[in-house]
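> Sequence unavailable; structure follows:
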């Protein structure tokens, strides 16, 4: 028996397409765990005494020291804590994952967003390591504050913009437009966050293609199914 993503497209008996509103509602509900965990993680850390809070933030930061010492915990946990605008990040994360989930299904959308988060972190911190090695940065830059959900949220919004349904593209475009002015400051100086955001945008667009192919494949096959009229041209459809 094959397990299907619960937010993937369904056709009830008789071949009639699923009601779009029900599909969107299900995508929103299945996208809720990430923003809820982001809120819970941030509020939990903020509730700690100052010294414990600072220690926890240092532990989850994806800087070079932590990536060398405990890479998996910091790569995972850093996406569930923010020192920025919590409500804004939670709302935009929900919007991006839901918009992408309508097209890809919840688990594929979350897999894509977190894959981009991991890769963007490794690329941006890898550049820091290279620059320390060449003397362009001091060795003290192995320790820095590099936490937050921005790579996950940017990836979801950009992938929705590039690969989503018509309305998903609108949601992705609006969300990315809201974030864009704050994403790329310091890029000329190779700021870690700015580099990571550029990488997130590029990876979300590129990795969206194989995920779109995967999402479009009928059960038990490896190729795309018939085209669906509500998605953009050139993308394999369900």
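Structure received. Note that the coordinates shown come from a computational prediction; the quantities given were computed from them, not determined experimentally. Residues are numbered from 1 along each chain as shown.

> Okay, now the unreliable bits of the chain?
1-18, 217-238 (pLDDT under 70).

> try 90
For the chain, the stretches flagged by pLDDT under 90 are 1-28, 84, 211-238.

> for it, what spans make up the helices?
Counting by DSSP state H, the chain has helices at residues 20-31, 33-46, 50-60, 64-69, 71-77, 86-104, 106-134, 150-163, 166-179, 192-216.

> Just the angle for the first one relative to helix 106-134, thanks.
For helix 20-31 against helix 106-134, the angle by axes from the mean of the first three to the mean of the last three CA atoms, to 10 degrees is 50 degrees.

> starting at the chain centroid, how far to helix 20-31?
Computed by CA atoms, centre = their mean, to the nearest Å, the chain-centroid distance of helix 20-31 equals 18 Å.

> Skip the chain neighbours and tell me the closest residue to residue 184.
Residue nearest to residue 184 in three dimensions, not counting chain neighbours: residue 194, with 4.9 Å by CB to CB, 6 or more residues apart in numbering. C-beta coordinates here come from the backbone N, C-alpha and C atoms, glycine included.

> Now do the contacts for the one you found.
183-187 (CB atoms under 8 Å, 6 or more residues apart in numbering).

> Now do it against residue 150, distance only.
Plainly put, residue 194 is 11 Å away from residue 150 if you go by CB to CB, to the nearest Å.

> so what sits against both of these two?
Common neighbours of residue 194 and residue 150 (CB under 8 Å, 6+ apart) are residue 183.

> coming back round to it: okay, among the contacts of residue 194, which ones form the most distant pair?
Pairwise distances across those (CB to CB) peak at 10.3 Å, for the pair 183 and 186.

> More neighbours: which of these two?
Using other CB atoms under 10 Å, the more surrounded residue of residue 183 and residue 186 is residue 183, with 17 against 11.

> roughly how far out does stretch 139-150 sit from the chain middle?
Distance of stretch 139-150 from the chain centroid (CA atoms, centre = their mean) equals 18 Å.

> thinking again about what came up before, tabulate the helices of the chain in CSV, adding columns for distance to residue 143.
Below are those laid out as CSV (distance: least, CB to CB, whole Å):
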stretch, distance to residue 143
helix 20-31, 34
helix 33-46, 19
helix 50-60, 8
helix 64-69, 5
helix 71-77, 12
helix 86-104, 24
helix 106-134, 11
helix 150-163, 20
helix 166-179, 27
helix 192-216, 12
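
> highest average neighbour count across the ones you listed?
helix 150-163 (a mean of 29; mean count of other CB atoms under 10 Å).
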